[in-house]
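Colleague: can you look at this prediction? I've put the sequence above it.
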Amino acid sequence: DRLSERTEQQGAMVVKATAENVDEAVRELPDANLRPEALWSVHSQPVFPKPHKRDSDTWAAIRKITETGEKIGLNHFKPIRPLGCGDTGSVHLVELKDSGH
């Protein structure tokens, strides 16, 4: 009732490969002890326009908000429509409130 040595070795290789995949995936998870602010800090860095777009109306509207020292947040946007979703979230088309952009 014992598995052949070859089958046993193949099974061991599958288990080892799976363990390596799990180890790699777990290393990419955020630290569970971090506060939500710390988890999102990487996504809250300033974004700058490309040189050919820096004088656009869209960036002017963004500068109008940020020049006051205010950080842009979800409260600055109005949802237009959903564009899609996947395993890790969804994507929505938005515009800056009261700007038309």
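Modeller: Right, received. Where do you want to start?
Colleague: what's the first helix or strand after the lengthiest helix in the chain?
Modeller: If you go by DSSP state H, the chain has its longest helix at helix 5-27. The helix or strand immediately downstream of helix 5-27 is helix 36-40, counting by DSSP states H and E.
Colleague: immediately after that following helix, which helix or strand?
Modeller: Sequence order places helix 57-66 as the next helix or strand after helix 36-40, per DSSP H and E.
Colleague: centre of the chain to that next one, how far?
Modeller: 23 Å (Cα atoms, centre = their mean, to the nearest Å).
Colleague: quick revisit: what are the buried residues along the longest helix of the chain?
Modeller: Within helix 5-27, no residue counts as buried by 16 or more other Cβ atoms under 10 Å. The C-beta positions use only the backbone N, C-alpha and C, and glycine is treated the same way.
Colleague: so what touches that helix?
Modeller: Contact with helix 5-27 is made by Leu3, as judged by Cβ atoms under 8 Å, 6 or more residues apart in numbering.
Colleague: and it, what's its mean pLDDT?
Modeller: In this model, helix 5-27 has a mean pLDDT of 88.
Colleague: could you export that helix as CSV, CA atoms only?
Modeller: What follows is helix 5-27 as a C-alpha-only set of coordinates in CSV (Å, rounded to 0.1, in the frame of the first residue of the first chain):
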residue,chain,number,x,y,z
GLU,A,5,9.5,6.1,-4.7
ARG,A,6,9.0,8.2,-7.9
THR,A,7,5.5,9.2,-6.9
GLU,A,8,6.7,10.1,-3.4
GLN,A,9,9.5,12.2,-4.8
GLN,A,10,7.1,14.0,-7.2
GLY,A,11,4.7,14.7,-4.3
ALA,A,12,7.6,16.1,-2.2
MET,A,13,8.6,18.4,-5.1
VAL,A,14,5.0,19.7,-5.4
VAL,A,15,4.8,20.3,-1.6
LYS,A,16,8.2,22.1,-1.6
ALA,A,17,7.2,24.3,-4.6
THR,A,18,3.9,25.2,-3.0
ALA,A,19,5.6,26.1,0.3
GLU,A,20,8.1,28.3,-1.5
ASN,A,21,5.2,30.1,-3.3
VAL,A,22,3.3,30.6,0.0
ASP,A,23,6.5,31.9,1.6
GLU,A,24,7.0,34.4,-1.2
ALA,A,25,3.4,35.5,-1.1
VAL,A,26,3.4,36.0,2.7
ARG,A,27,6.5,38.1,2.5
